[in-house]
Each structure stands twice: as C-alpha cells, then as structure tokens.
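Participant: Okay, structure incoming, though there's no sequence with it:
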C-alpha cells in the first residue's frame, strides 16, 4: 500500500525539489540531520526522511503433519548379574572384563567398530543370527542421507543452471543500465553490479567471457577466491570478506559442478548491499554514509533489473524473479528464513517509493533514495554476525540486502549469543552450548568450566527461556528447524516406566552424543546455507528378537520430517522419483519403529511381523540410504563457527 507521505509521489519533480529544500530547512532547524552526503568533493547536508509503511511477509515455507504417539509407560524393569549370567546371548561376544562391568552397572556398553555404516552392523547381525538393537542414531542417519541427497540433486540438476541463466540476464541488464544512466554516481553503481554478477557467472562457467569494462575488477575477485587467504577488503566494493569461506566443503566436493555452485552461492550470500556500513572511523564519518547510499543504489538497480527483459528472458519480465524465487524459496523450505533483507522486501519498498523505477530521472532522485533507505532501515535487523567486525562496531552496520542471504538458524544464533562480545573473550563456542540451550541438563552440567566467563550463565538462561517459548509454528517452519526440534525428544530425562538401561546417567550421555552426531550431519548438509567386536557364533536355531530404542516421540518427528520433505518437493514440482520413493519408505519404517517402541514401553510383546522387521532392519536401511554404490561412510565433519581474532574454527 502506497503512502501519501512520500515527497513527490503525486506531484511534479519541480515541486519535489522545492519540497526537498523545505524538508532540509526544517531538519536543519530541529537538529535532526542524520549525516552528510559526500558528492563531488563537497559536503552537502543530508536531510532526515520518514520511513514508509511497507507490508512484507510473513512467508510459509512448509506444511507440517504431526504423528501422535500412544502408549502408557510400563516397560519391564530388570537388573543384570555381575557375571552376566542372566544375559542369554552373552557368549555371542568377545567381552572384556571392562565391558562386562559396564553392562552389569549400566545395562549397556558402547565400543568402537570397524563398520562404516549402520546397516553394515545390522546385516552382519542378521547373517549371524544375532538380534539387533535398532538405535535412534541409525534412523537419524538415514534421514540425513535422504535430506542430503535431495538437496544435492536440486543444486546440481536444477539450481546451478538456473542461477547461471539469471546471472547472464543480470549482467546484460546491468550493462544496459551502465550505458543508459547519465548520473555519474548511479552509473558507477551499475558498473559495480556488472562486475558483481560477472564474478558469479564466471564462477559458474570458467570459460564465460567477462565484459571488458569490468574485467580487472572481476579477475581480482576471482584471484582472492582462489587464494582463500583470509580477510581482505582489496576489491572493487571494498568490503572486508573472509575469503576462506569460498573453500568448498560438505557434499560440495563431490563434483566440479557442485564446487562451482558452492562458490557462486557463497558469493551471492556473503556480499552485502548495506544501508549504514561502519567501514570508517569514527562511525559518523561521512564516508560511511556515502558508501551506504552507493551500496543501496546498487541494490535498487539490481532489483529493477530483476523485472526487465533481456535476451535470456525475452518474453516475460517477471521470469527473472521467478527463477530467483525457485532457488530462494526452496532454500527457505530446507533451512528457514533469510537473516538478511531479501529481494522480496526491497521490491516491496521500490513499489512503494517509486512510480516508475525504470525512469532513470525518478530512480536517481536523491530524495527517493533517502526515503528508500529510511524505509529499509525500519525493517528487521540481522540477528547473526557472519562477518569480520571490530568491538566498537554494531551488527546493524551489516544490515542490508543480500542477493541470496544466508539463513537464520537457532544454533548459529546460540553461538553468536555465547561468544565475544556478548560473552567477553569467549572466542569459540562448544557444540554442547546448543544442547544446553535446547534444555539438556546434562549438557549444562558438562559446561561447568564455561560458567566462569562473564555473562555466560545469564546469556544461557536467556536462550533457554527463548527456546522453551518457541511455538510449534517456529519449530516446524523448515526442515532444518524441525530436525533440531527432534533433538528435544532425546534430551528429555527418561521417566519411571522407561526401560532400566535408559534411566542410568550413561544413557543420557549416549543420547547427548546422538544429538551431537546428527547435529553435525545437519550442519554438514547445510554448510552452504554442522568397533564393536563380535565372535563368530553358530547354532542357535531361534535367535531372540531384536530391540528398538524406545523413543517413539523421535520416530514420530522423523516421520514428520520425511512427510514435510516429500510433500515440499512435490509442491515445488520436483519429481525425483527415487528420492520420493525412499522418503516414503523411511516414513513407513519409522512409523513401524514408533509402534514397536510404544509396545516396548507399554510392556506389550512384539508379534512375528515386528520381530521379522527387526531381523531385516539392515536391508531396509541399506535400501533406503542406497549409499553402497558410493562406498558410503557415516562419519563426517563440518565447520560451524569462525573466531575472527585467532582465525580458528569450530
């Protein structure tokens, strides 16, 4: 909805100039000047502008289906004799004295293994007629495999080529703006946009010809990306970037196309078109205002270019935005909302501030730019610091548009709130911070040494309260958030009526390790946007049934994750039959495991179909994951936090 408060919306440009002078005079008499504009070597007083009302969002990225659990806690309780004499299959295993003591004391033992995948263990058990213990780790890993496979397929088969076409369009239209705009400052901004999108086009296609007018700028940036040598601002927009972020990792090392896509999206997500940068000291230095105006002018120009025709999109001027939205909205479905302002918000402001943004006289009017900046500055601020920033600067200095902004995720927010400067001189967080914020009392106990940091405990209490107050709409807004939400089912303290092994402190530690492991997989998958020995045994004609870790709430949430991912892909007309089929299979499997674990908790005997499923669990998981052809390995690693001071990462 357009506001009548905008200078010049319904009056002539001449009247607009007079009105601008009047605003300037009023602002000068009230002392409301917000800065100075540096233009052509002279300081010109900058008037204050009133922000307009702009309606943007909220957006819905995914549909959530809740699967209910139904049981009454009444699992059989038991003790284990010190010599394991009441353990019926103790002779299956080569147990050391330490292992036997652990089983007697804690009812379970965990040992290293040479198996690389969960289903390897289950298949080996089946072949040797050993009952399997189906753990939450195995199921969460199976979901990780399908999540990663889905995302990787989208990126490699759809997003990379679509993004490349969009970059060619943006280079072409930005070049046209550069040649047609007469205002020297806006013309320079158009030239920088040519360079900005040329960098991305070249990252996606190394043989693409860079426009001659920006070739030196682009080649310099490409050299910085290749060198990945740390922080530097020595490039055409003079922002300090961490160039090590362009090193492909996660699943992006699996193919050349994925490596290209990784670097291209990293470029589009790291470079900001800021409103009030803080590059110069003191912070009220007029050069900061000048840079903010120039970067915002770049943002406006690229938004206008997104609604124009080109040789790439020659029929429908809305097609560039649709192509961008295909990538942006799907990432939102997987990860969540952008932490930075997006094209959606900037396009809404343009529609409010400008009558005809393709009219360069109107577009380059300083008063329109001022109102645009005031309105954009009134929108939501970023929550997570993702760049180099000195102590005396504020995160608000990073506020602005990013073409494909990285996403707000609660675990990154936890890290930002529990490190310097919120917690002075605590430079690296711990993964346990996440689990403690989610409500794990055991994680909070293990963080005892961290409590010596000033303000750490206060910040943690604030985060725990915040997380406890999140609604279901928050936790189910994306696949990433729901995956994190599933952790809470494992971090709860088991109540009376749970099996004996679940009520010992060592099992609580095991569940904590499970959450840390699946969180690492989550971060690994989304990084662009975290041996047990057996003795061979023959002869038991009827092996005892297997056992499912009785966590039905977790299985229910994994079923919801499968349903959300499957229906979300279908809604976006992404018809990868293999992935959809595997998601259906995993959803069926976890719902069966939910029912079996409900029986276990209720003290109800398993039937023959339940026991048969547990005997063949390795085959089920192997078929779902389908990673044998890749030489699959469950273990992985991801970087999740950077300490700007020391250059170290968690």
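Facilitator: Right, received. Where do you want to start? Bear in mind that the values here come from a model prediction, so they are computed numbers and not experimental data. Residues are numbered from 1 along each chain as shown.
Participant: for the residue lying closest to residue 270 once chain neighbours are set aside, phi and psi?
Facilitator: Leaving aside its sequence neighbours, residue 270 sits nearest to residue 241 (C-beta to C-beta, 6 or more residues apart in numbering; 5.8 Å). Heads up, the C-betas are built off the backbone N, CA and C, glycines and all. When read as degrees, to the nearest 10, the backbone of residue 241 gives phi -120, psi 150.
Participant: beta partners for residue 241?
Facilitator: Under DSSP bridges, the beta-bridge partners of residue 241 are residue 232.
Participant: what about it, distance to residue 219?
Facilitator: Going from residue 241 to residue 219 by C-beta to C-beta, to the nearest Å gives 16 Å.
Participant: Compare neighbour counts for these two and give me the winner.
Facilitator: Shown here are residue 241 and residue 219; by other C-beta atoms under 10 Å, residue 241 has more neighbours (24 against 14).
Participant: quick one: low-confidence parts of the stretch 1-150 of the chain?
Facilitator: 1-47, 53-62 (pLDDT under 70).
Participant: was I right about residue 481 contacting residue 333?
Facilitator: No - with contact defined as C-beta atoms under 8 Å, residue 481 does not count as touching residue 333 (11.0 Å).
Participant: Low-confidence stretches in the stretch 451-600 of the chain?
Facilitator: For the stretch 451-600 of the chain, the ranges with pLDDT under 70 are 530-545, 575-577.
Participant: Now do the helices in it.
Facilitator: With DSSP state H, counting those that start in this stretch as the criterion, the stretch 451-600 of the chain has helices at 456-468, 472-475, 479-491, 505-525, 552-571, 577-602.
Participant: what's the answer for the stretch 51-200 of the chain, then?
Facilitator: According to DSSP H, counting those that start in this stretch, the helices that the stretch 51-200 of the chain contains are 97-106, 118-127, 136-154, 160-180, 184-204.
Participant: Name the residues of the second one that are buried.
Facilitator: It stands for helix 118-127. By 16 or more other C-beta atoms under 10 Å, the buried positions in helix 118-127 come out as 118, 119, 120, 121, 122, 123, 125, 126.
Participant: tell me the angle it makes with helix 136-154.
Facilitator: 130 degrees (axes from the mean of the first three to the mean of the last three C-alpha atoms, to 10 degrees).
Participant: Just the residues contacting helix 118-127, thanks.
Facilitator: Applying C-beta atoms under 8 Å, 6 or more residues apart in numbering, the external contacts of helix 118-127 come out as 113, 115, 130-132, 134-135, 137-138, 141-142, 532, 534, 546, 615-619, 621-622, 625, 634.
Participant: how far away is residue 101 from residue 81?
Facilitator: As judged by C-beta to C-beta, residue 101 and residue 81 stand 12 Å apart.
Participant: Which of the two has more residues huddled nearby?
Facilitator: Neighbour count, other C-beta under 10 Å: between residue 101 and residue 81, residue 101 has more, with 14 against 10.
Participant: ok, the more buried one to residue 505 distance?
Facilitator: Distance, residue 101 to residue 505, by C-beta to C-beta: 16 Å.
Participant: Over to residue 553?
Facilitator: Computed as C-beta to C-beta, the residue 553 to residue 505 distance reads 21 Å.
Participant: Equivalent analysis for residue 263, please.
Facilitator: Remark: distance between residue 263 and residue 505 (C-beta to C-beta) = 46 Å.
Participant: Looking at the two, which is more packed in?
Facilitator: residue 263 (24 against 11).
Participant: dump the residue contacts of the more buried one.
Facilitator: 203, 225, 246, 248.
Participant: can you tell me which of these lies nearest to residue 324?
Facilitator: Nearest to residue 324 among these is residue 203, at 16.8 Å by C-beta to C-beta.
Participant: Please tell me I have it right and that closest one contacts residue 260.
Facilitator: Yes - assessed by C-beta under 8 Å, residue 203 is found in contact with residue 260 at 5.9 Å.
Participant: who has more neighbours, these two?
Facilitator: The neighbour comparison of residue 203 against residue 260 (other C-beta under 10 Å) goes to residue 203, with 26 against 21.
Participant: Check what pLDDT that one gets.
Facilitator: In this model, residue 203 is scored at 98, pLDDT.
Participant: ok, now how distant is it from residue 274?
Facilitator: In this view, residue 203 and residue 274 are 22 Å apart by C-beta to C-beta.
Participant: cool, and residue 477?
Facilitator: Per C-beta to C-beta, residue 477 is found 27 Å from residue 274.
Participant: ditto for residue 66
Facilitator: Going from residue 66 to residue 274 by C-beta to C-beta gives 41 Å.
Participant: What of residue 505?
Facilitator: According to C-beta to C-beta, residue 505 stands 49 Å off from residue 274.
Participant: what does residue 184 give?
Facilitator: 21 Å.
Participant: mind putting the helices of the stretch 451-600 of the chain in CSV, distance to residue 283 included?
Facilitator: Shown next, in CSV, are those (distance: least, C-beta to C-beta, whole Å):
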stretch, distance to residue 283
helix 456-468, 25
helix 472-475, 34
helix 479-491, 34
helix 505-525, 34
helix 552-571, 43
helix 577-602, 49
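Participant: Those: which one's closest to residue 300?
Facilitator: Of those, nearest to residue 300 by C-beta to C-beta is helix 479-491, at 31.0 Å.
Participant: What is that closest one packed up against?
Facilitator: Secondary-structure packing of helix 479-491 (3 or more C-beta pairs under 8 Å, 6 or more residues apart in numbering; DSSP states H and E): helix 136-154, helix 319-334, helix 410-417, helix 472-475, helix 505-525, helix 552-571.
Participant: Rebuild those as a markdown table, extending it with distance to residue 237.
Facilitator: Output for the helices and strands packed on helix 479-491, formatted as a markdown table (distance: least, C-beta to C-beta, whole Å):
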| stretch | distance to residue 237 |
| --- | --- |
| helix 136-154 | 30 |
| helix 319-334 | 21 |
| helix 410-417 | 24 |
| helix 472-475 | 35 |
| helix 505-525 | 29 |
| helix 552-571 | 35 |
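Participant: who wins for proximity to residue 595 among those helices?
Facilitator: For residue 595, the closest of the helices and strands packed on helix 479-491 is helix 552-571, at 8.0 Å, according to C-beta to C-beta.
Participant: now the angle between helix 479-491 and the closest one, please.
Facilitator: Angle, helix 552-571 to helix 479-491, by the same axes, to 10 degrees: 170 degrees.
Participant: In stretch 163-180, which residues are buried?
Facilitator: By neighbour count on 16+ other C-beta under 10 Å, the buried set for stretch 163-180 is 163-175, 177-178.
Participant: Closest to residue 252 out of those residues?
Facilitator: Here the nearest of those to residue 252, counting by C-beta to C-beta, is residue 163; it sits at 14.1 Å.
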